[in-house]
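In: When you get a sec, could you give me coordinates for this:
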Amino acid sequence: MNLYTKSYNPDWARIVDMVVEKCDKLSEYIKDKTVFKVILHEKGEIELAKGEDTFRIKEPSLIILSDRDISDFKTIKKGNNTILYFMPSLVREEFSLEDLYGNKYDEAFGTTIYQDYHLVKDFFKTEELEKKIFPLSLIELNKIRTLIDSIEKELTMQYDGFWPCRSRSYLLELLFFIQFLFGKADEKNQTASPDDEIFSQVCEYLNEHLGDDISLESLTKEFSINRNKLNSIFETKTGKTCLNHLTDLRIDMAKMILSNTEIPIGEVSNRVGYPDSNYFTKIFKKIVGTTPSVYRKNNITCR
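Out: Numbering: from 1, shown residues only. Next comes the predicted model:
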């Protein structure tokens with residue numbers, strides 16, 4: 001199996017360094033030294049080893065692996081695994097393995113490259129394999145499955161010339177969500193107050209439903225909480241109201257898609273929860289200072 005996807009249409013002449021494998025047992029490709037891996041383990045039981053440490057993993061779980069993580073593996077019980085292989089340079093052309101391991105981007109604060117760097121850094125900065133294994137709730141499982149299936153669909157169907165950028169945009173969204181899972185895992189290690197629990201639950205909901213229609217009313221019903229209390233918790237934690245926090249999440253996602261793909265702005269707008277692209281442009285300009293099209297022109301990395 002090639003760990004990349006070539007365009008079927010010779011006129012496009014594109015190669016995307018990403019492929020999806022669906023299997024009932026793990027293959028040798030998860031030990032490949034050139035790509036990062038995202039494993040969605042839905043059924044069965046697998047065992048992964050890194051050095052002397054061995055971890056037996058039951059379903060459903062998400063595992064993220066760098067090019068150096070696995071020394072051995074075993075399928076204990078056949079099941080259902082979906083594995084996404086990708087090169088970090090797909091996120092950003094400059095991200096060679098040599099430069100990433102050389103800490104070249106650690107100090108690039110306040111730049112789009114630093115934002116993109118954060119999407120991949122946990123793959124290789126986190127050395128303990130145990131911290132790269134995430135038990136999943138049903139909602140998290142469905143969110144990740146949907147994103148990987150969307151990537152696979154773009155790679156295999158190639159409906160139009162946007163398939164390389166569109167598949168890449170779903171990868172960015174997946175990495176954005178994985179970044180949230182790391183933050184969630186860190187919070188679990190801290191003593192949580194009732195307000196902390198509510199904040200964590202609402203943040204999880206917002207990240208899982210980023211592209212959906214969300215209102216303050218729907219959130220208060222979902223979590224049986226007074227709107228003033230909800231906003232008070234978010235202002236204490238983030239300095240913003242709950243919906244302003246959601247807006248910032250959406251705009252951050254939009255900025256990543258705009259700067260890393262060429263998919264139409266209307267599609268970007270809809271992906272981040274704004275069916276009305278004119279309203280999206282208004283909100284984006286208010287927060288970022290430029291329109292989405294100008295932001296893309298100044299920051300685009302996908303050509």
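
In: from here on, contacts and neighbour counts on C-alpha atoms
Out: OK.

In: what's the burial count for residue 173?
Out: Neighbour count of residue 173, defined by other Cα atoms under 10 Å: 22.

In: again with residue 76
Out: 14.

In: name the element it belongs to?
Out: Here residue 76, judged by DSSP states H and E, is contained in strand 72-86.

In: hmm, who's touching that strand?
Out: Identification of contacts with strand 72-86 by Cα atoms under 8 Å, 6 or more residues apart in numbering yields 3-4, 17-26, 31, 35-50, 148.

In: What strands line up against it, and which way round?
Out: Strand 72-86 pairs in its sheet with strand 18-23 (antiparallel), strand 36-50 (antiparallel), by DSSP bridges.

In: Next, the buried residues of stretch 186-204.
Out: Within stretch 186-204, the residues that count as buried by 16 or more other Cα atoms under 10 Å are 195, 196, 198, 199, 200, 202, 203, 204.

In: cool, and stretch 68-87?
Out: Neighbour count says stretch 68-87 has 68-70, 73, 75, 79-87 buried, by 16+ other Cα under 10 Å.

In: Looking at the residues you listed, which two lie furthest apart in space?
Out: Pairwise distances across those peak at 26.1 Å for 79 and 87 (criterion: Cα to Cα).

In: Mind checking what helix or strand follows the top helix by length along the chain in sequence?
Out: Taking DSSP state H as the criterion, the chain has its longest helix at helix 163-188. Counting by DSSP H and E, the element after helix 163-188 in chain order, helix or strand, is helix 194-208.

In: Report the inter-axis angle for that following helix versus helix 163-188.
Out: Put simply, helix 194-208 runs at 170 degrees to helix 163-188, going by axes from the mean of the first three to the mean of the last three Cα atoms, to 10 degrees.

In: ok now helix 194-208, how far from the chain's centre?
Out: Taking Cα atoms, centre = their mean, to the nearest Å, one finds the center of helix 194-208 at 18 Å from the center of the full chain.

In: Could I get the CA-only coordinates of that helix as CSV?
Out: Only the C-alpha atoms of helix 194-208 are listed here, as CSV (Å, rounded to 0.1, in the frame of the first residue of the first chain):
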residue,chain,number,x,y,z
PRO,A,194,-18.4,22.0,40.0
ASP,A,195,-17.8,25.1,37.8
ASP,A,196,-14.8,23.4,36.3
GLU,A,197,-16.9,20.4,35.4
ILE,A,198,-19.5,22.5,33.7
PHE,A,199,-16.9,24.5,31.9
SER,A,200,-15.2,21.3,30.7
GLN,A,201,-18.5,19.7,29.6
VAL,A,202,-19.6,22.8,27.6
CYS,A,203,-16.2,23.2,26.0
GLU,A,204,-16.4,19.6,24.9
TYR,A,205,-19.8,20.1,23.5
LEU,A,206,-18.7,23.2,21.6
ASN,A,207,-15.7,21.5,20.1
GLU,A,208,-17.8,18.5,19.0
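
In: Dump the next helix or strand after it to PDB, restricted to CA.
Out: Past helix 194-208, further along toward the C-terminus, the next helix or strand under DSSP H and E is helix 216-223. The C-alpha coordinates for helix 216-223 follow below in PDB (Å, rounded to 0.1, in the frame of the first residue of the first chain):
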ATOM      1  CA  LEU A 216     -27.100  30.400  24.300                       C
ATOM      2  CA  GLU A 217     -30.700  29.100  24.700                       C
ATOM      3  CA  SER A 218     -29.800  25.700  23.300                       C
ATOM      4  CA  LEU A 219     -26.800  25.500  25.600                       C
ATOM      5  CA  THR A 220     -28.700  26.400  28.700                       C
ATOM      6  CA  LYS A 221     -31.300  23.700  27.900                       C
ATOM      7  CA  GLU A 222     -28.600  21.100  27.100                       C
ATOM      8  CA  PHE A 223     -26.800  21.700  30.400                       C
END
